[in-house]
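> Structural data only, the sequence is not supplied:
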Ligand code: NAD
Ligand code: GLY
């Protein structure tokens, strides 16, 4: 059942391994460890579950472990700086390897520490959430939050390998699984209509954590992400399409205070608003919007902003999102299921109308 995909970025190319039991295959990890010094970074939730099997793959090496507190609020400079303190205390050299064992928070902090320690060292992503397995561990975006904004400090730094052990998903809370499925749906919507159809046919299997369905969904998601990143590693163009629903979603997250809704939940509602707006502009046929809503609802995801967050307030919050360029709000919208574009040519009234339309129940 194990799969291997390759992301082709010249000297920065790397494999993505996907399958059950990969953490228990020490021979898989070892070829990607550079040097003799390894630091595993994880958190207080994931380490007790999955650090032990990973250790078995590191016998004979100098291994340090850095266990972070769990939560998005710790994706910040003190936690990140603490990794350097530990690396320096242990006299880790430039040829060391960092391993990120956890979800997107651990992956982003560890990757950014690897990007900066001694001007850049190797790191391996071992993602343990669905969101991290389909999105954040692939593509080299690393970083931390600043009080003024999410992911505002960071670097592009590709891992040397991604090892996605799908058995780890068995312990993932239901809401976290659904949040990852929102990002999976995103790939179908922006560039892969056949994958969207497949998701509609396999929604129940995915919801029930059917192993084969999850592996196929992760593989197809990673292939889509790899294609996009290979074409536009530094987000000068089409990589921005991966942000479908994110500008609306960030407004929900910021409006509620980060941590109330999960990122994937906010993105799900955001994708419905983007679809509504696309329909109003005449780009998306009317039947597509209920199809998108219905698939997200089957995964238990929200499809509209919370009632307490007004549409005008949403618009204000969207205007401070980082995808605003030279004052104009730029949005990812749909031309059909499986086709997306970025546009700045949308009025405030149209955005508000699309937010209002998403709130209507059918
Ligand atoms: P997360 O890392 O906070 O993990 C979610 C929760 O699940 C945490 O409590 C975590 O400890 C727990 N957990 C992780 N694996 C588990 C397991 N196997 N069993 C039980 N519990 C487990 O959140 P996430 O959704 O994985 O990632 C969100 C982060 O990813 C955000 O900071 C976001 O900005 C970032 N992100 C980055 C990129 C990128 O390209 N770098 C893309 C998307 C999102
Ligand atoms: N999650 C968006 C990206 O990797 O570009």
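Done, it's in. Predicted model only: the values in this text are computed from it and were never measured. Ligands and ions are numbered 1, 2, ... in the order given.
> Any part of stretch 255-268 near ligand 2?
No. Stretch 255-268 lies apart from ligand 2 when judged by Cβ under 6 Å from any ligand atom; the minimum separation is 9.8 Å. Every residue, glycine included, has its C-beta placed from N, CA and C.
> and the end-to-end length of that stretch?
This stretch, stretch 255-268, spans 16 Å end to end (Cα to Cα, to the nearest Å).
> go on, stretch 42-51?
By Cα to Cα, the extent of stretch 42-51 from end to end equals 8 Å.
> so, in contact with ligand 1 or not, it?
Yes. Shown here: stretch 42-51 in contact with ligand 1 (Cβ under 6 Å from any ligand atom) through 43, 45, 46, 49.
> In CSV, list those residues along with neighbour count.
CSV is the format used below for these (neighbours: other Cβ atoms under 10 Å):
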residue, neighbour count
43, 22
45, 19
46, 21
49, 16
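> So which of those sit within strands?
Using DSSP state E, the subset of the residues of stretch 42-51 next to ligand 1 located in strands is residue 43.
> Quick check: the farthest pair among the residues of stretch 42-51 next to ligand 1?
Spatial extent of these (Cβ to Cβ) is set by the pair 43 and 49 at 10.3 Å.
> Next one, pLDDT for residue 328 please.
Looking at residue 328, its pLDDT stands at 71.
> And the one 4 residues further on, by the same measure?
pLDDT for residue 332: 97.
> measure the residue in the stretch 251-362 of the chain that ligand 1 sits nearest to to residue 158 for me?
Closest approach between the stretch 251-362 of the chain and ligand 1, counting by Cβ to the nearest ligand atom: residue 263, at 5.5 Å. Separation of residue 263 from residue 158 (Cβ to Cβ, to the nearest Å): 22 Å.
> Pull the contacting residues for residue 278.
Shown in contact with residue 278 (Cβ atoms under 8 Å, 6 or more residues apart in numbering): 284, 333, 334, 335.
> now that we have the residues you listed, which one has the most neighbours?
Most neighbours among the contacts of residue 278, by other Cβ atoms under 10 Å: residue 334, with 26 neighbours.
> Assumed that one was part of a strand.
Yes. Per DSSP: H, G, I helix; E, B strand; the rest coil, residue 334 lies within a strand segment.
> Beta-bridge partners for it, please?
Beta-bridge pairing of residue 334 under DSSP bridges involves residue 340.
> wait, it sits on residue 285?
No. Using Cβ atoms under 8 Å as the test, residue 334 is too far from residue 285 to be in contact (10.3 Å).
> Compute the distance between the nearest residue to residue 279 once chain neighbours are set aside and ligand 2, please.
Excluding the flanking residues, the one nearest residue 279 by Cβ to Cβ, 6 or more residues apart in numbering is residue 289, at 5.3 Å. Note on residue 289: its distance to ligand 2, by Cβ to the nearest ligand atom, to the nearest Å, is 24 Å.
> What about residue 289, how many residues nearby?
21.
> Repeat that for the one 10 residues further on.
When counting by other Cβ under 10 Å, one arrives at 21 neighbours for residue 299.
> before we move on, what about residue 339?
Using other Cβ under 10 Å, the number of residues around residue 339 comes to 16.
> Which pLDDT value belongs to the residue of the stretch 251-362 of the chain closest to ligand 1?
For residue 263, the pLDDT comes out at 93.
> That one touches residue 253, doesn't it?
Yes. Counting by Cβ under 8 Å, residue 263 sits close enough to residue 253 to count as a contact (6.6 Å).
> got the residues of the stretch 151-300 of the chain near ligand 1?
Residues of the stretch 151-300 of the chain lying near ligand 1 by Cβ under 6 Å from any ligand atom: 151, 168, 171, 172, 176, 179, 263.
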